[in-house]
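**Q** quick one, structure for this:
(one chain, ligands or ions: 2)
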Amino acid sequence: MAEPSKPSLMARLKRGLFMTHTELISRVGEAIKVRFSPDPKALDALEEALLAADVGPATASELVEAVRVEAGRRDAGETDVVRRVLKAEIARRLSVPGPPAGVPAPGQPRVVLVVGVDGTGKTTTAAKIAARAAAAGGKPVLAAADTFRAAAIDQLEVWAGRLGIPLVKHKPGADPAAVVFDACAAAKARGADLLIVDTAGRLHTKHNLMEELSKIRRIANREIAGAPHEVLLVLDAVTGMNGLAQAREFLKAAGVTGLVLTKMDGTAKGGVILAIVRELNLPVRYVGVGETADDLLDFDAEGFASALIDD
Ligand SMILES: Nc1nc2c(ncn2[C@@H]2O[C@H](COP(=O)(O)OP(=O)(O)OP(=O)(O)O)[C@@H](O)[C@H]2O)c(=O)[nH]1
Ligand SMILES: [Mg+2]
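**A** Ligands and ions are numbered 1, 2, ... in the order given. Next comes the predicted model:
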């Protein structure tokens, strides 16, 4: 597909974070622009702005404290001390090391399991990851292991068709682990280097769902050494911390290795990423900034902090 004016990663991240950035910057505008001295009023405004961006009370007060300490230094009388300190502190907080990444055996596909509460963006993210792998010259395969609803399979099939990526599916109601079994075989037979497994998110049958995920993991591991090499927990930035209690269930059952934060383009509260990383202590792998195949960004803590804070 011809993409004549594809914006840079940074431009897309900034576009995705536009609402959060604008809100944050308009609120801290004074504190950021004025040559800063640790004026309590400006610090209060800063804290309010951070709270409004949903960074969480603990992070908000720590960030303000870091700014206060730095601005209070005799030699820190620069105009941009607030910006510099915020950026560095935000980047540092978002740079948590993940569990060691599983490396597939030579010639075997890497298996990525996409899990999370319903509606967070799992299917879209699975398709986006496949799209980016294909665009980079890889050979991805998609597995429709959300067999709970016919529409879930159809949705992934539409993506796969559009992207020209092979999809392994069964009928609605089939055992998701059986889909994964077939998908592993298909991925190996095709010489694929990546297998992305979309899973169901409905929690009303919580016990079954968690059993189902454990079984998917077992089957994948039996068929492909070390699989799943990555388990991505997809979280929705718009619902933010509200979805976390439920998402925790997945941490236990699914052996999550990293996070994907979707819908960053649809919220003025993108600071929630700080609260979430603090809470779950897992690295963010990707950020979703829209509904098209292209709207998935590799997470980079410094780039993110800069998109949030810099003009
Ligand atoms: N704006 C925006 N919308 C997104 C993003 N990611 C997903 N969506 C939308 O969110 C809705 C739900 O996405 P799905 O991928 O179907 O979510 P899911 O987790 O698979 O949902 P279930 O399978 O029902 O549990 C869809 O309308 C997507 O287009 C994103 O990064 N930004
Ligand atoms: Mg889905």
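**Q** residue of the stretch 201-311 of the chain closest to ligand 1, please.
**A** residue 288 (2.6 Å; Cβ to the nearest ligand atom). For glycine as for every other residue, the C-beta is placed from the backbone atoms N, C-alpha and C.
**Q** nearest residue to that residue in space, please, no chain neighbours.
**A** Spatially, and ignoring its direct neighbours in sequence, residue 288 is nearest to residue 262 (3.5 Å; Cβ to Cβ, 6 or more residues apart in numbering).
**Q** residues touching the one you found, list them.
**A** The neighbours of residue 262, taking Cβ atoms under 8 Å, 6 or more residues apart in numbering as the test, are 120-121, 124-125, 234-237, 287-288.
**Q** ok, it to residue 284 distance?
**A** Residue 262 sits 11 Å away from residue 284, taking Cβ to Cβ, to the nearest Å as the criterion.
**Q** just list whatever residues bridge to the residue nearest to residue 288.
**A** According to DSSP bridges, the residues that bridge with residue 262 are residue 236.
**Q** wait, residue 111 sits on residue 195?
**A** Yes: if you go by Cβ atoms under 8 Å, residue 111 and residue 195 touch, sitting 4.8 Å apart.
**Q** quick one: common contacting residues for these two?
**A** With Cβ under 8 Å, 6+ apart as the test, residue 111 and residue 195 both reach 184, 187, 224, 227.
**Q** so who does the residue in the chain positioned nearest to ligand 2 touch?
**A** Across the chain, no residue is closer to ligand 2 than residue 123, which sits at 3.2 Å (Cβ to the ion). Going by Cβ under 8 Å, 6+ apart, residue 123 touches 114, 146, 152, 155-156, 159, 198.
**Q** report all helices and strands that the helix ranked longest in the chain contacts.
**A** Secondary structure assigned by DSSP state H gives helix 206-223 as the longest helix of the chain. Helices and strands touching helix 206-223, by 3 or more Cβ pairs under 8 Å, 6 or more residues apart in numbering; DSSP states H and E, are strand 110-115, helix 176-189, strand 194-199, helix 244-254.
**Q** circling back: which helix or which strand is home to the residue of the chain closest to ligand 2?
**A** helix 122-135 (DSSP states H and E).
**Q** OK, contacts around the closest residue to residue 130 other than its chain neighbours?
**A** Nearest residue to residue 130 in three dimensions, chain neighbours excluded: residue 140, at 4.3 Å (Cβ to Cβ, 6+ apart). Residues near residue 140 by Cβ under 8 Å, 6+ apart: 129-130, 133-134, 165, 192-196.
**Q** of those, which is the most crowded?
**A** residue 195 (32 neighbours; other Cβ atoms under 10 Å).
**Q** show the pLDDT at it.
**A** Residue 195 carries a pLDDT value of 98.
**Q** before we move on, what about residue 18?
**A** For residue 18, pLDDT reads 77.
**Q** isn't it right up against residue 264?
**A** No: Residue 18 is beyond contact range of residue 264, at 9.6 Å (criterion: Cβ under 8 Å).
**Q** thinking again about what came up before, wait, does the longest helix of the chain contact ligand 1?
**A** No: Helix 206-223 is not in contact with ligand 1 by Cβ under 6 Å from any ligand atom; minimum separation 10.7 Å.
**Q** right, is that helix up against ligand 2?
**A** No: between helix 206-223 and ligand 2, judged by Cβ under 5 Å from the ion, nothing touches; the nearest distance is 13.0 Å.
**Q** just to revisit the earlier point, from residue 114, how far off is the residue of the chain closest to ligand 2?
**A** For residue 123, the distance to residue 114 - Cβ to Cβ - is 8 Å.
**Q** what residues do these two have in common as contacts?
**A** By Cβ under 8 Å, 6+ apart, the residues touching both residue 123 and residue 114 are residue 198.
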